[in-house]
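Undergrad: I'll drop the sequence and a predicted model, then ask my questions.
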Amino acid sequence: MQTPQYQARDRAHHLHPFTDFKALGEEGSRVVTHAEGVYIHDSEGHRILDGMAGLWCVNLGYGRRELVEAATAQLEQLPYYNTFFKTTHPPALKLAEKLCELAPAHVNHVFFTGSGSEANDTVLRMVRRYWALKGRPGKRWIIGRENGYHGSTVAGMSLGGMAPMHDQGGPCVPEIAHVAQPYWFGEGRGRELSPEAFGRQCAAALEDKILELGEENVAAFIAEPVQGAGGAIMPPASYWPAVKEVLAKYDILLVADEVICGFGRLGEWFGSQHFSLEPDLMPIAKGLSSGYLPIGGVLVGDRVADTLIDEGGEFFHGFTYSGHPTCAAVALRNLELLEAEGVVDRVREDLGPYLARRWAELAEHPIVGEARSLGLMGALELVADKAAGTRFDKSLSAGNLCRDLCFEAGLVMRSVGDTMIISPPLVITHEEIDELVRLARQALDETARRLSEHVVTGTAPREEIRA
Ligand SMILES: *Cc1c(COP(=O)(O)O)cnc(C)c1O
């Protein structure tokens, strides 16, 4: 039996991201050994349906030979070279070209990074640089949203609105503010606002913040088209049109963080397209390579790119691994496969609607207050009293309990507080969606049973927030 040995070695030397180290040490890590299609396998011999596509990234599913071959061929040809000092290489230029072909028409440039967090660090510097070049150096404030997630570097966590992250290792980067998130179930419902009225109110809060800071001081607004790590939060239909109006009124750049929504998750190449947004900047990562190798970037619209190119001089920014050839080759192959196999269209026309129908059935469950989905992203809101819509007592950690019971049932479903979320690989089949829903229901039944007995999970809930 290898598991206890793996766990002991892991505990001895490995500090995990977003983890209560002590609690995990006591509990022991789950050791994932291999994966195929939409399933991961652990060292205990369990096969588990990966309802999260790793961390929202394995869009093409596991075990794709083509991606392995793309990596191998590039490693043999040119494993690494940088793109500093006036050099380039075929994988980086081809990937840039492909991305701009897929992106909305006004987006024709990309700046490569190693991750989504680095992409948002790049956003922060690029946005401020843009306004300085425009002769408006006062425009420095960036407005993000409470409970938004933009990564875990210092700029990423500052742009994000995760209070527990701000509380650790601050202060945050100055001149960043946050406004209300369009989370109707969590924050609008209790105030008896319709989703549409609530969506407009959130947009009005953005306008209030701009006026408070002074429009001459506000550079950009950053938001995920659909909040991922915050809890798969689909905004009311009124939200984005109203936000667009506000941004246009005050000449403020829009940064749409596409790290999760990009590459088919919502049934379009970019989540912005689903909401008819025309962002000036789009940070990308995760699904860009289906997670096979780390790579990210910022898609830069003409307005900002033309200024940086024509008036900018040297931009003192970049990473050793910006446009890494092997990562770029895998990302390019990944995009070609998504396109050739019609994956994005299938999510929009077939898989998304199918999941929506099956997922909605879970809304009938006694401890589910809302079931929502868009494309292949979904959430369930756990409630103690369905009629009143009240939440479970926090001390019960209902979400973590449900998450652990999902694992036991053979399903990865993540919890964000008492919101259960899924984001499966985009190559999932109808039968696998049926299985996902069946396993989720089984875990919900068991969660309800345990909570009714007040037998809380035997394992300490991990301090798992986001990512
Ligand atoms: C995951 C995520 C990031 C950070 O990406 P990393 O690759 O983990 O640095 C940024 N923005 C969003 C919306 C994300 O979901």
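TA: Noted; the coordinates are in hand. Residues are numbered from 1 along each chain as shown.
Undergrad: mind listing what the nearest residue to residue 251 once chain neighbours are set aside touches?
TA: Nearest non-adjacent residue to residue 251, counting by C-beta to C-beta, 6 or more residues apart in numbering: residue 215, 7.3 Å away. No exception for glycine: its C-beta is placed from N, CA and C like everyone else's. Residue 215 makes contacts with 250-252, as judged by C-beta atoms under 8 Å, 6 or more residues apart in numbering.
Undergrad: again, but for residue 128
TA: Residue 128 sits next to 139-140, 219 when contact means C-beta under 8 Å, 6+ apart.
Undergrad: any idea of the pLDDT on the nearest residue to residue 223 once chain neighbours are set aside?
TA: Sequence neighbours aside, residue 145 is the residue nearest to residue 223 in space, at 5.6 Å (criterion: C-beta to C-beta, 6+ apart). We have a pLDDT of 98 for residue 145.
Undergrad: ok, residue 145 to the ligand distance?
TA: Computed as C-beta to the nearest ligand atom, to the nearest Å, the residue 145 to the ligand distance reads 11 Å.
Undergrad: how far away is that residue from residue 174?
TA: 18 Å (C-beta to C-beta, to the nearest Å).
Undergrad: quick one: which of those two has more around it?
TA: residue 145 (27 against 8; other C-beta atoms under 10 Å).
Undergrad: thinking again about what came up before, ok, so of the contacts of residue 128, who is nearest the ligand?
TA: If you rank the contacts of residue 128 by distance to the ligand using C-beta to the nearest ligand atom, residue 219 comes first, at 18.5 Å.
Undergrad: secondary structure element for residue 306?
TA: Element membership of residue 306 [criterion: DSSP states H and E] is helix 302-311.
Undergrad: output the contacting helices and strands for that helix.
TA: strand 107-113, helix 116-133 (3 or more C-beta pairs under 8 Å, 6 or more residues apart in numbering; DSSP states H and E).
Undergrad: burial count for the closest residue to residue 81 other than its chain neighbours?
TA: In space, and not counting its chain neighbours, residue 81 is closest to residue 89: 5.5 Å by C-beta to C-beta, 6+ apart. If you count neighbours by other C-beta under 10 Å, residue 89 ends up with 19.
Undergrad: so which elements touch the lengthiest helix in the chain?
TA: The helix that spans the most residues within the chain, counting by DSSP state H, is helix 430-453. Where contact means 3+ C-beta pairs under 8 Å, 6+ apart, helix 430-453 is packed against strand 47-50, helix 352-360, strand 377-382, helix 398-409, strand 411-412, strand 419-422.
Undergrad: dump those to TSV, plus distance to the ligand, mean neighbour count and mean pLDDT.
TA: Shown next, in TSV, are the helices and strands packed on helix 430-453 (distance: least, C-beta to the nearest ligand atom, whole Å; neighbours: other C-beta atoms under 10 Å; pLDDT from 0 to 100):
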stretch	distance to the ligand	mean neighbour count	mean pLDDT
strand 47-50	16	20	98
helix 352-360	19	18	98
strand 377-382	11	26	98
helix 398-409	18	22	97
strand 411-412	16	24	98
strand 419-422	12	26	98
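Undergrad: for residue 321, find the nearest of the ones you listed.
TA: strand 47-50 (26.3 Å; C-beta to C-beta).
Undergrad: strand partners (parallel or antiparallel) of that closest one?
TA: Using DSSP bridges, the strands paired with strand 47-50 are strand 39-42 (antiparallel), strand 411-412 (parallel).
Undergrad: could you dump those to TSV with distance to residue 237?
TA: TSV is the format used below for the strands paired with strand 47-50 (distance: least, C-beta to C-beta, whole Å):
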stretch	distance to residue 237
strand 39-42	35
strand 411-412	30
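Undergrad: re the thing from before, residues contacting the residue nearest to residue 223?
TA: 161, 178-181, 222-223, 227.
Undergrad: tell me the one among these nearest to the ligand.
TA: So of these, ranked by how close each gets to the ligand (C-beta to the nearest ligand atom), first place is residue 227, at 7.9 Å.
Undergrad: so the nearest residue to residue 79 once chain neighbours are set aside versus residue 54, what's the distance?
TA: Distance criterion C-beta to C-beta, 6+ apart; nearest residue to residue 79, sequence neighbours excluded, is residue 326 at 5.8 Å. Distance check for residue 326 against residue 54: by C-beta to C-beta, it reads 19 Å.
Undergrad: could you check how many residues crowd around the closest residue to residue 305 other than its chain neighbours?
TA: Spatial nearest neighbour of residue 305, excluding adjacent residues (C-beta to C-beta, 6+ apart): residue 109 at 4.2 Å. Around residue 109 there are 19 other residues, counting by other C-beta under 10 Å.
Undergrad: quick check: the residue of this structure nearest the ligand.
TA: For the chain, C-beta to the nearest ligand atom, closest residue to the ligand: residue 116, 2.3 Å.
Undergrad: give me the nearest residue to that residue, chain neighbours excluded.
TA: residue 285 (3.5 Å).
Undergrad: who touches that neighbour in this structure?
TA: 57, 113, 115-116, 119, 259, 294-297.
Undergrad: with neighbour count and distance to residue 403 as new columns, can the residues you listed be given to me in TSV?
TA: Formatted as TSV, those follow (neighbours: other C-beta atoms under 10 Å; distance: C-beta to C-beta, whole Å):
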residue	neighbour count	distance to residue 403
57	24	19
113	28	30
115	22	25
116	32	23
119	31	28
259	30	22
294	19	25
295	30	29
296	28	27
297	28	31
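Undergrad: Throw the residues you listed into a markdown table and include pLDDT, thanks.
TA: Shown next, in a markdown table, are the contacts of residue 285 (pLDDT from 0 to 100):
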| residue | pLDDT |
| --- | --- |
| 57 | 98 |
| 113 | 98 |
| 115 | 98 |
| 116 | 98 |
| 119 | 98 |
| 259 | 98 |
| 294 | 98 |
| 295 | 98 |
| 296 | 98 |
| 297 | 98 |
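Undergrad: still on that earlier bit, and the residue nearest to residue 251, how far from residue 209?
TA: 10 Å.
Undergrad: thinking again about what came up before, got TSV for the helices and strands packed on helix 302-311, with distance to residue 270 too?
TA: Shown next, in TSV, are the helices and strands packed on helix 302-311 (distance: least, C-beta to C-beta, whole Å):
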stretch	distance to residue 270
strand 107-113	9
helix 116-133	14
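Undergrad: need the contact list for residue 288.
TA: Contacts of residue 288 (C-beta under 8 Å, 6+ apart): 262-263, 295-297, 331, 334-335.
Undergrad: now the helices: where do they sit in the stretch 251-400 of the chain?
TA: With DSSP state H, counting those that start in this stretch as the criterion, the stretch 251-400 of the chain has helices at 271-274, 302-311, 325-340, 343-346, 352-360, 398-409.
Undergrad: quick one on the thing from earlier: right, and the residue nearest to residue 305 touches residue 299 too?
TA: Yes: applying C-beta atoms under 8 Å, one finds residue 109 in contact with residue 299, separated by 7.5 Å.
Undergrad: and residue 199, what element?
TA: Using DSSP H and E, residue 199 falls in helix 195-213.
Undergrad: show me which residues of the stretch 1-150 of the chain sit near the ligand.
TA: Proximity of the stretch 1-150 of the chain to the ligand (C-beta under 6 Å from any ligand atom) is limited to residues 115-117, 120, 149-150.
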